[in-house]
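[1] just coords:
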Ligand code: GLY
């Protein structure tokens, strides 16, 4: 039997662990004890996910190491620990340095990115903001997706934008880029250094409240369709996103999972960002459909011989249960009494266990996945699962995967595609 180590402790890592444990003897290295991952593992250790000496010792004798979150990857775990199914530190700059990523696309892909400037001084940033006018400001470095601010949304005036640019420049470069209008989608792929195999497309929901209102979050839930496309996209949008990713890995030695966050616009598909790991929750959608054995796929990635990978032709809907006050002022340390749902699958996210009792941390707590022949069917299963496990202290976005919201996305794209009179 293969021996595999999972690094990480969220719902994304829970489903990765579940898939790996189907054929491997599983070990886990976690920042905090996730009781569900611990249960799937023969042994586990709790420690810092960037303590590479400790991970190296714990992973001795493992056939491979799968890293869930970006932080260990961007800090170079693939250079310190053997058999990591992930990119080298140099290749992680696609996520770790947004300026590098934009310049890389300009030089190696030649399309699929917005107008942008990478700025190292305030004068450059001021000039770029004047030139681009309708812009988004983001830090070049890693911020867990929390640093992106849009003029007219989080930045109420140009003065606020200038102040934010000054703040960003204190800790590194800032990227000023054209604000895009359209619908976001995620394309994830397995990469073996030469070959890339796409997974079903997924749409995540980053805003906290129904109808995409409120503050940004890590993602409140996501869905995928039975044809592996998305109802608001045209096939050529999916093809274009894939072309961007294929041209990317043709120009950089990349092994592991590549996550492309895209926007479909009236001017074609644009890459918003790359991540060098699975998305959370998007991993839950695609891995629940994976027909191949994930441990075998990992070995094939390490060998540079990915071959083919297949996914079930079914739809998925994933909904996160989050604590009261999430994301700005969340309740923490609330004890949960969790019951397994009948048809939906339950994944443990940011919770911890002490003396057999499970508590929330303040971040996304539990993910419920429904799988069905259509998005509608999958949504009903996910929602039934939510009712079975929900307590008064947790809430969720009911509209994710529902017909109304999907119709709005379709209409939005239709209005952008129709020629302006
Ligand atoms: N769902 C967004 C992310 O994983 O970055």
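    Yep, it's here. Since the structure is predicted, the reported quantities are computational estimates derived from the model, not experimental observations.
[2] Name all residues that make contact with the residue lying closest to residue 68 once chain neighbours are set aside.
    Distances taken as C-beta to C-beta, 6 or more residues apart in numbering place residue 8 nearest to residue 68, at 2.9 Å, with adjacent residues excluded. For every residue, glycine as well, the C-beta is placed using N, CA and C. Contacts for residue 8 (C-beta atoms under 8 Å, 6 or more residues apart in numbering) come out as 16, 29-31, 49, 67-69.
[3] Of those, which ones also sit close to the ligand?
    Among these, not one lies near the ligand by C-beta under 6 Å from any ligand atom.
[4] Residue 309: which of these is nearest?
    residue 16 (14.8 Å; C-beta to C-beta).
[5] give the contact list for the closest one.
    Residues near residue 16 by C-beta under 8 Å, 6+ apart: 6, 8, 66, 68, 278, 283, 287, 294.
[6] can you rerun that using 7 Å?
    By C-beta atoms under 7 Å, 6 or more residues apart in numbering, the contact list for residue 16 reads 6, 66, 68, 283, 287.
[7] residues making contact with stretch 32-43?
    Residues outside stretch 32-43 that contact it (C-beta under 7 Å, 6+ apart): 6, 9, 13-14, 17-18, 21, 25-28, 30, 44, 46, 348, 351-353, 358.
[8] can you check stretch 136-144 too?
    70, 74, 96-99, 118, 147-150, 155, 161, 164-165, 168, 172-177, 179.
[9] Looking at those residues, which are in strands?
    Those of those mapping onto strands are 118, 149-150, 174-177, per DSSP state E.
[10] residues near the closest residue in space to residue 207 that isn't next to it in sequence, how many?
    Leaving aside its sequence neighbours, residue 207 sits nearest to residue 214 (C-beta to C-beta, 6+ apart; 5.5 Å). By the criterion of other C-beta atoms under 10 Å, residue 214 has 14 neighbours.
[11] Name the helix or strand for residue 214, please.
    Using DSSP states H and E, residue 214 falls within strand 213-216.
[12] Now the phi/psi pair for the nearest residue to residue 330 once chain neighbours are set aside, please.
    Among residues not flanking residue 330 along the chain, residue 362 sits closest, at 3.9 Å (C-beta to C-beta, 6+ apart). Main-chain torsions, residue 362, degrees, to the nearest 10: phi 120, psi -20.
[13] Residue 382 now?
    With angles defined as degrees, to the nearest 10, residue 382 sits at phi -60, psi -40.
[14] Mark which of the contacts of stretch 32-43 are part of helices, please.
    13-14, 17-18 (DSSP state H).
[15] Out of those, flag the one nearest to the ligand.
    residue 13 (12.3 Å; C-beta to the nearest ligand atom).
[16] From residue 239, how far off is that closest one?
    Shown here: residue 13 relative to residue 239, a distance of 31 Å by C-beta to C-beta, to the nearest Å.
[17] which of those two has more neighbours?
    For residue 13 versus residue 239, neighbours defined as other C-beta under 10 Å are more numerous around residue 13 (30 against 11).
[18] residues from this protein in reach of the ligand?
    Proximity of the chain to the ligand, by C-beta under 6 Å from any ligand atom, involves residues 145, 204, 219, 275, 279-280, 282.
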